[in-house]
Every structure is written in structure tokens, then in C-alpha cells.
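Peer 1: Return atomic coordinates for the entry below.
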Amino acid sequence: MVTNEKAAKSPPHNGLIMRSDGRDRYKSEVSAIVFSYRQALGRKKIGKQSYELSFRDFAAILNTTLNPLGMKCSHTTISNWENQIHLPTWHIMYSLSQHAPIGIIRDFALEVFGVLLRRRMHIKEERE
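Peer 2: Here you go, the predicted structure:
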């Protein structure tokens, strides 16, 4: 059996990553960012109710930048970010931040990238 020495030596999380309710606080931050940008990019009114942009529509907007780079983002991926199941990858956020036209999509990518960077710094601090 192969073990990772570094993982074995790393101390348990001391609260920098986990919130008091046991959830990853960075997933919570990313979730709020995804929701707010979906809300900002378009609201549909149906009767008296208004709804934010769908996961599919948000993915389509992100894919206008990602597809020419040979990458894609599905509506399920966006749903997983917002529902705190997974965090976005560095690669997707970096690509969006560098290649999206200046505007709301680039702002979205930079905000999420900032959260991912803070998370990485906290994990690094904990391991030292």
C-alpha cells in the first residue's frame, strides 16, 4: 500500500477551512458568488416571481470563452459549485480570468480565483 507522507504529517484542519457547522467555508463563499452572478446576469419574471439565470444558461455564457480554448463547463458543474459539492478547478477559473472579455464574466472568474487562492494559502499555512 502506498501512502502519502505529507498527507500523513499534515495536522487536522484548525478552523481555517471548516465552518462551525462542518462545511467548507470556501465552498460557501464560491456558492454565494455563483448565485449572485447568476442573479446579476439575468432575471426572468414569470408572473409575480422572478428567477435567476438557469445553470444551463450560465454554463453557456462561460462556454463562450472556454470552448475556443478546448474546455467546457456543464450545467451540472455549476450546480455542484452552487450546492457546495465541489469547488471549481484552478484551470477553468484562470482560463476565464485571462481570456474572457473585460466585464462580468472576468469579474466572476477573478472573484472565485481569489477564494481558491485564499483556500490554498490557508491549507499551506496549516501544513507548515
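
Peer 1: longest helix of this structure?
Peer 2: Among the segments of the chain that qualify as a helix by DSSP state H, the longest is helix 104-127.

Peer 1: Can you mark which positions in it are buried?
Peer 2: Residues 105-106, 108-109, 111-113, 115-116, 119, 122 are the ones in helix 104-127 that count as buried (16 or more other Cβ atoms under 10 Å). (Each C-beta comes from the backbone N, C-alpha and C, glycine too.)

Peer 1: Closest one of those residues to residue 96?
Peer 2: residue 109 (3.5 Å; Cβ to Cβ).

Peer 1: Now do the contacts for the closest one.
Peer 2: Residues near residue 109 by Cβ atoms under 8 Å, 6 or more residues apart in numbering: 93-94, 96-97, 100.

Peer 1: Now the nearest residue to it once chain neighbours are set aside: which helix or strand?
Peer 2: The shortest distance from residue 109 to any non-neighbouring residue, by Cβ to Cβ, 6 or more residues apart in numbering, is to residue 96 (3.5 Å). In this structure, residue 96 sits in helix 90-99 according to DSSP states H and E.

Peer 1: now that helix and helix 104-127, what's the angle there?
Peer 2: Relative orientation of helix 90-99 versus helix 104-127 (axes from the mean of the first three to the mean of the last three Cα atoms, to 10 degrees): 140 degrees.
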